[in-house]
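Novice: kindly return the folded structure for what I paste below:
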Amino acid sequence: QVQLVESGGGLVQAGGSLRLSCAASGATFWGYTLGWSRQAPGKEREFVSQITWNRDSIYYADSVNGRFSISINNGRTTWYLQMDTLKPEDTAVYYCTAEPRTATDRLSTWKFWGQGTQVTVSS
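Specialist: Take a look at the predicted model:
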């Protein structure tokens, strides 16, 4: 059974940085697309970023492009979201996601989700 566990969330001042990690188990993630989504209070869940297992395709939401960076380890068991120049509007619960295919398009649905980690950016 696929399990995704996020870590690295917390409280940071505007302009600061955080690095989220997603530890995955229960499958071989070769051939998968891995990602991050977030949900701010009172808002719908939204796409943040995705990367294919072979690192050939990467997408970012316009709101984070240039500030966030997604990466994956060589074993394809952990992926990361480096978040720099954080803004108060980045405050949300961040979820790691996984889809069992190599997506060349930006995904709108994901088969597997983590439990989420809170990121709070103070002004």
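
Novice: show me where this structure has strands.
Specialist: Taking DSSP state E to define them, one finds strands in the chain at 3-7, 10-13, 18-25, 33-39, 46-52, 58-60, 68-72, 78-83, 92-99, 112-113, 117-122.

Novice: how about those strands in TSV, adding mean neighbour count, mean pLDDT and distance to residue 106?
Specialist: Where C-beta positions appear, they are placed from N, C-alpha and C, glycine not excepted. Formatted as TSV, the strands of the chain follow (neighbours: other Cβ atoms under 10 Å; pLDDT from 0 to 100; distance: least, Cβ to Cβ, whole Å):
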stretch	mean neighbour count	mean pLDDT	distance to residue 106
strand 3-7	16	98	19
strand 10-13	13	98	27
strand 18-25	19	97	18
strand 33-39	23	98	9
strand 46-52	21	98	7
strand 58-60	17	98	5
strand 68-72	19	98	13
strand 78-83	22	98	16
strand 92-99	22	98	11
strand 112-113	18	98	17
strand 117-122	17	98	22
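
Novice: between these, which one is closest to residue 105.
Specialist: When those are compared by Cβ to Cβ, strand 58-60 sits nearest residue 105, at 8.6 Å.

Novice: what's the offset of stretch 85-98 from the middle of its chain?
Specialist: Once both centres are worked out by Cα atoms, centre = their mean, to the nearest Å, stretch 85-98 turns out to sit 8 Å from its chain's centre.

Novice: actually, stretch 42-61.
Specialist: That offset, for stretch 42-61, works out to 7 Å (Cα atoms, centre = their mean).

Novice: how long is it from one end to the other?
Specialist: 19 Å (Cα to Cα, to the nearest Å).

Novice: next: stretch 57-66.
Specialist: 16 Å.

Novice: the most centrally placed residue in the chain pairs with what?
Specialist: The centroid of the chain falls nearest to residue 36 when counting by Cα atoms, centre = their mean (2.2 Å). Note on residue 36: beta-bridge partners by DSSP bridges are residue 49, residue 96.
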